[in-house]
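**Q** turn this into a model:
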Amino acid sequence: MLRARILTALVLLSALGGALFLLPDPYWALFVLAFTLVGAAEWSRIAGYPMALSLLYVAATLAIGVGLLFVPGGDFDWTARGDILPHLASLAFWVLVAPLWLAFGWRVRNRFVLALVGWVVLVPTWLALVQLRALSPMLLLGLMAVVWIADSAAYFVGKRFGRHKLAPTISPGKTWEGIAGALAAVALYAVLWIAADPALLAAAGHGLVAALAGILALWCMTYFGVLGDLFESWMKRQAGLKDSGRIFPGHGGVLDRVDALTSTLPLVVLALYWLNGTVSYP
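**A** So this is what the prediction gives:
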């Protein structure tokens, strides 16, 4: 299983890297929209939709994506107030709704509510991938790496040292030791990133301040990443599923791979909107 995970990860990283740095912006948007549609199909499976309703949900998701792509004057400008509205919905969900959902173990069956939740999870993530890539492919790659590093560190540290379960009724494999390992790895990554980026150092005005700010920012990403992971795990458990899909050998489905991105990237866009003009990226 580990070999399959590694091989699949290498293929995915190669494909993602090629698309991220070589595709023009409109084609990148369509590239990630295709995976968003797969994610919508997986979400409809988690929601327990019959085939006809599942197809309708995917078609509606496509319509939303195409509508956002071709809305008059829409250019995915990450500084435009209108283009951050989906991210505000994402912020409200991940800050207010998702923690309560997990804390109280809600088992939502209403198909309309589940459809809305699926769109709040998927659409802002797709939009963030397009906006952040338009801002800077390297920035987007660096942000996604935060999630990958945290996930990998949590897995290996938890497997080696894990004793105390984080959320045994939701995701039995996650441990507090794994979370500690993720935070340590992300802190090191933050320091290395800031040390290699003069713009961040100049914006903070002091190396120590920049390092602390970077660590806190990436720790916030890690928290929301874990929250997104737990939320998807809870939804799968409610549906009686181990994986959201089987498109990626050893990794499951699209939702299994982007669960932590759904709860982090839209919030990063909001943070950058707030910091607009303070830090710039090539």
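**Q** return the helix or strand in the protein with minimum mean pLDDT.
**A** Ranked by mean pLDDT, DSSP states H and E, the helix or strand of the chain with the weakest confidence is helix 198-204, at a mean of 59.
**Q** tell me the helix or strand right after it.
**A** Using DSSP states H and E, the next helix or strand after helix 198-204 towards the C-terminus is helix 207-239.
**Q** ok, now which ones touch the closest residue to residue 140 other than its chain neighbours?
**A** Closest residue to residue 140 apart from its sequence neighbours, by CB to CB, 6 or more residues apart in numbering: residue 132 at 4.2 Å. Heads up, the C-betas are built off the backbone N, CA and C, glycines and all. Applying CB atoms under 8 Å, 6 or more residues apart in numbering to residue 132 gives the contacts 78, 139-140, 143, 265, 268-269, 272.
**Q** do that again at 7 Å, thanks
**A** Applying CB atoms under 7 Å, 6 or more residues apart in numbering to residue 132 gives the contacts 139-140, 143, 265, 268-269.
**Q** quick check on the closest residue to residue 157 other than its chain neighbours: phi, psi?
**A** Sequence neighbours aside, residue 181 is the residue nearest to residue 157 in space, at 2.7 Å (criterion: CB to CB, 6+ apart). When read as degrees, to the nearest 10, the backbone of residue 181 gives phi -60, psi -40.
**Q** hang on, the earlier thing: C-terminal to the helix or strand harbouring the residue nearest to residue 140, what's the next element?
**A** Using DSSP H and E, residue 132 sits in helix 111-135. Once the chain leaves helix 111-135, the next helix or strand it forms, by DSSP H and E, is helix 137-161.
**Q** buried ones in that following helix?
**A** 137, 139-144, 146-151, 153-155, 157-158 (16 or more other CB atoms under 10 Å).
**Q** buried residues, stretch 34-45. List them.
**A** Buried positions in stretch 34-45, judged by neighbour count with 16+ other CB under 10 Å: 35-45.
**Q** re earlier: contacting residues around the residue nearest to residue 157?
**A** Each residue near residue 181 by CB under 7 Å, 6+ apart is listed here: 153-154, 157-158.
**Q** nearest to residue 55, of the contacts of residue 132?
**A** Among those, residue 265 lies closest to residue 55 (CB to CB), at 27.3 Å.
**Q** okay, now the nearest residue to that closest one once chain neighbours are set aside: neighbour count?
**A** Residue nearest to residue 265 in three dimensions, not counting chain neighbours: residue 128, with 3.8 Å by CB to CB, 6+ apart. Residue 128 sits with 29 neighbouring residues when counted by other CB atoms under 10 Å.
**Q** residue contacts, residue 128?
**A** Residues in contact with residue 128 (CB under 7 Å, 6+ apart) are 87, 265-266, 268-269.
**Q** next one: residue 185
**A** 149-150, 153.
**Q** let's have the residues you listed in TSV, adding distance to residue 239 and pLDDT.
**A** Listed next are the contacts of residue 185 as TSV, based on distance: CB to CB, whole Å; pLDDT from 0 to 100:
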residue	distance to residue 239	pLDDT
149	29	94
150	25	94
153	28	94
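**Q** helix, strand or coil for residue 243?
**A** Three-state assignment for residue 243 (DSSP: H, G, I helix; E, B strand; the rest coil): coil.
**Q** how much space between it and residue 129?
**A** According to CB to CB, to the nearest Å, residue 243 stands 22 Å off from residue 129.
**Q** ok, now residue 55?
**A** Taking CB to CB, one finds residue 55 at 24 Å from residue 129.
**Q** who has more neighbours, the two?
**A** More crowded of residue 55 and residue 129, by other CB under 10 Å: residue 129, with 26 against 13.
**Q** how about the more buried one: what's its closest non-neighbour residue?
**A** Closest to residue 129 by CB to CB, 6+ apart is residue 32, at 4.8 Å.
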